[in-house]
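> pasting the structure only:
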């Protein structure tokens, strides 16, 4: 994944930070601190063994402390999926990309190659994230993951994607198209333990009946769908 200004997620993150800098002004005096912020300050003081007074002073006097203790973190704002949907809607072959519900009866899954609204309780698979309607009338469904760094939680994210892909790649049934968009350094960094293969490459090899790509590869990787 290319870093820097040409990465759609980095562009979105910087935009959010600019917006937060405007909407979340650092308090100048203790009286400017809201009740909700005081709860956060007290919790931070308890967690790290500081006095509430010292944390209040840090928040008022230091922008970095204010951002760390009270500021909203773009990493917790789940902007990645919205960013991808906006990007997909900018592509010429795409008529409409929309986010799918993450809860309730309108969630969608692939089970044994079939698109369904319910799944067996014992089957641990994540619902689909995005629906993509192409200009030629074809429809595809997307599992989306954006993971920047390695770790246990990130491994779980990758496992979720592979489990969903397996529901299509293991069957010979004709079914709607399933695409996994795997973005971030976690997926594109070569791994010595895997013989130099990236997680993206490994996922492609394991799921030949699906499409696995980064956002930058999406248009080229899905040409077999939208060029029909």
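Now that the structure is in, tell me what you want to look at. None of the values given here were measured: they were computed from a predicted structure.

> Return the backbone torsion pair for residue 138.
The phi/psi pair for residue 138 (degrees, to the nearest 10) reads phi -70, psi 150.

> Which helix or strand contains the nearest residue to it once chain neighbours are set aside?
Spatial nearest neighbour of residue 138, chain neighbours left out: residue 225 (5.1 Å); criterion: C-beta to C-beta, 6 or more residues apart in numbering. From N, CA and C alone the C-beta is placed, and that goes for glycine too. Residue 225 is part of helix 223-226, with elements assigned from DSSP states H and E.

> what separates that helix from the chain centre, distance-wise?
24 Å (C-alpha atoms, centre = their mean, to the nearest Å).

> what residues go with each domain of this protein?
As given by automatic domain parsing, the domain ranges for the chain are 8-75, 80-226.

> distance of residue 102 from residue 183?
Separation of residue 102 from residue 183 (C-beta to C-beta, to the nearest Å) stands at 18 Å.

> Those two - which one has more neighbours?
A count of neighbours by other C-beta atoms under 10 Å puts residue 183 above the other of residue 102 and residue 183, at 25 against 13.

> Bridge partners for that one, pull those for me.
residue 146 (DSSP bridges).

> Just the buried residues of the longest helix along the chain, please?
Assignment by DSSP state H gives helix 152-169 as the longest helix of the chain. For helix 152-169, a neighbour-count test (16 or more other C-beta atoms under 10 Å) marks 154, 157-158, 161-162, 164-165, 167-169 as buried.

> starting at the chain centroid, how far to that helix?
13 Å.

> now do stretch 196-203
Centroid separation between stretch 196-203 and its chain, computed with C-alpha atoms, centre = their mean, is 19 Å.

> what comes up buried for it?
Those would be 198-203, for stretch 196-203 by 16+ other C-beta under 10 Å.

> Looking at those, which one is closest to residue 217?
Lowest distance from residue 217 to the buried residues of stretch 196-203 (C-beta to C-beta) belongs to residue 200, with 9.1 Å.

> What is whichever strand or helix holds the closest one packed up against?
Applying DSSP H and E as the criterion places residue 200 in helix 199-206. Contact partners of helix 199-206 among helices and strands, from 3 or more C-beta pairs under 8 Å, 6 or more residues apart in numbering; DSSP states H and E: helix 152-169, strand 177-183, helix 185-188, strand 211-213.

> which residues touch it?
Contact with helix 199-206 is made by 158, 161-162, 165-166, 169, 180, 182, 186-189, 191, 194, 197, 212-214, as judged by C-beta atoms under 8 Å, 6 or more residues apart in numbering.

> one step back: of all the buried residues of helix 152-169, which two lie farthest apart?
Once C-beta to C-beta is applied, the buried residues of helix 152-169 give 154 and 168 as the farthest pair, at 22.9 Å.

> where does the protein dip in pLDDT?
Where the chain drops to pLDDT under 70, the residues are 1-6, 21-24, 72-78, 150-153, 172-175, 194.

> 80 instead, please
Residue ranges of the chain with pLDDT under 80: 1-6, 16-25, 63, 67-68, 70-78, 148-154, 170-176, 192-195, 209, 228.

> so how far is the helix or strand harbouring residue 45 off the chain centroid?
Under the criterion of DSSP H and E, residue 45 resides in helix 35-48. Its chain's C-alpha centre and that of helix 35-48 lie 29 Å apart, by C-alpha atoms, centre = their mean.

> Okay then, goodbye and thanks.
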